[in-house]
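**Student:** Generate a structure from the sequence data that follows.
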Amino acid sequence: MPIKVGSSVWRALLDACRIHRRVEFAEKVAKKLLPLEADKASVYVLLSNIYADTGRWELVKKIRQKFHKKGLHKSVRFTTIEVVKKLHIY
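**Tutor:** You can find the predicted model right below:
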C-alpha cells in the first residue's frame, strides 16, 4: 500500500544525507522537498551546507544565489536552559 510522503520525511532524509555525506542522494531528495517547501530558507541552507561539507563550492554559490533571489533569510535561533532559576541563552 503506497503512502504519500510529507515534507517532514523528505527533510529528515535530507538531514541524514548531510550526516552521511551522500550528496547525490541529497540532490534527489531536494528535488522532492523544494516544491513542497520552496519558501523555506532551511531547505536551501541545509543543501548549501551539504555541498560545503564536501567542498563543492560552485554548488554552494549556486544554491545561495537562488536563496537570495527568492528573498529568503536565515532565521536566528537560540537555545535556552534554566539552571537554578537563571536563564541561559545560547
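**Student:** Contacts only, for the residue positioned nearest the centre of the chain.
**Tutor:** With distances taken as C-alpha atoms, centre = their mean, the chain has residue 46 as the residue nearest its mean C-alpha position (2.6 Å). Neighbour list for residue 46: 11, 14, 15, 18 [criterion: C-beta atoms under 8 Å, 6 or more residues apart in numbering]. Placement of C-beta: from N, CA and C, glycine included.
**Student:** Next: residue 64.
**Tutor:** With the criterion set at C-beta under 8 Å, 6+ apart, residue 64 makes contact with 44, 48.
**Student:** Which secondary structure element is home to it?
**Tutor:** Residue 64 belongs to helix 57-69 when assigned by DSSP states H and E.
**Student:** buried residues in that helix?
**Tutor:** Buried residues in helix 57-69, defined by neighbour count with 16 or more other C-beta atoms under 10 Å: 59, 60, 63, 64, 67.
**Student:** now do stretch 27-39
**Tutor:** 29, 30, 33, 34.
**Student:** try stretch 67-80
**Tutor:** 67, 72.
**Student:** what distance separates the start and the end of stretch 67-84?
**Tutor:** 41 Å (C-alpha to C-alpha, to the nearest Å).
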